[in-house]
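Asks: fold the following.
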Amino acid sequence: MANSDFAIPIFILAALLLAASTIASSQAPFIVAHKKASLTRLKSGSERVSVSIDIYNQGSATAYDVTLIDDNWSSDVFGIIAGNTSVSWERLDAGVVLSHSFELEAKTKTVFYSPPAVVKYRIPTKSTLQEAFSTPILPLEILADRPPVKKLDWKLLQKYGSLVSVVSIVVLFVYLVGSPSSGAKGSKKKR
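Replies: Numbering: from 1, shown residues only. Predicted coordinates:
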């Protein structure tokens, strides 16, 4: 009987501690980073990689001393054209998005696998830096031999687009007038 008398207060105390830790942890930043890369073939035969990283704070508190590090781009394969692979911000408020982009030029033909970027930030309740990782990107086929893709010829569409639309409207009208409607058959009375 004595054991059950102590079990209920211990259970209540444990539940209160769990609830308090849940409430305390909900007052923290929640960092989500999305990394995108796109390839652009230049007429000179080289290829440029445009990288953009969006950092979202989905939490309910501000993140301080936010640092983005994406230095996994090999200098043997890429040269930096514009921007930096690392950048810092003083703070990232709750519900705010930070964006960073940079451009690289490919030097050699290869398939490149880029690991996620790292976002380091500080929260006031903890002394150690917190880390978040960006979404990974698909492997990039740098300077790959791709067959040319024929895009929609806008000149052709501009030249014949109005003609095609008028002809299709006339054909639709002739079809509607020429075809018997299903409602007319049912409305005839048989005698």
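Asks: secondary structure element for the residue most central in space within the chain, which one?
Replies: Central residue of the chain (CA atoms, centre = their mean): His34, 5.2 Å from the mean position. In this assignment (DSSP states H and E), His34 forms part of strand 31-41.
Asks: next, the buried residues of that strand.
Replies: Of the residues in strand 31-41, Ile31, Val32, Ala33, Lys35, Ala37 count as buried by neighbour count, 16 or more other CB atoms under 10 Å. For glycine as for every other residue, the C-beta is placed from the backbone atoms N, C-alpha and C.
Asks: ok, back up a step: tell me what the residue nearest to the centre of the chain is bridged to.
Replies: Asp54 (DSSP bridges).
Asks: ranges for the strands of this structure?
Replies: For the chain, the strands defined by DSSP state E cover 31-41, 47-57, 63-69, 78-82, 86-92, 97-106, 110-112, 118-122, 130-133, 140-142.
Asks: quick check: Val87 vs Pro116, distance?
Replies: Distance, Val87 to Pro116, using CB to CB, to the nearest Å: 16 Å.
Asks: cool, Lys155 as well?
Replies: For Lys155 relative to Pro116 (CB to CB), the value is 43 Å.
Asks: on that earlier part again, point out the other helices and strands that the strand holding His34 packs with.
Replies: Applying 3 or more CB pairs under 8 Å, 6 or more residues apart in numbering; DSSP states H and E, we find strand 31-41 packed against strand 47-57, strand 63-69, strand 118-122, strand 130-133, strand 140-142.
Asks: which stretch in these is the model least sure about?
Replies: Lowest mean pLDDT of the helices and strands packed on strand 31-41: strand 140-142, a mean of 81.
Asks: centre of the chain versus that one, how much separation?
Replies: Distance, stretch centre to chain centre, for strand 140-142: 19 Å (CA atoms, centre = their mean, to the nearest Å).
Asks: stretch 80-99 now?
Replies: The answer for stretch 80-99 is 16 Å, by CA atoms, centre = their mean.
Asks: span of that stretch from start to end?
Replies: 18 Å (CA to CA, to the nearest Å).
Asks: got a list of contacts for it?
Replies: 29, 31, 48, 52-71, 73, 100-105, 121 (CB atoms under 8 Å, 6 or more residues apart in numbering).
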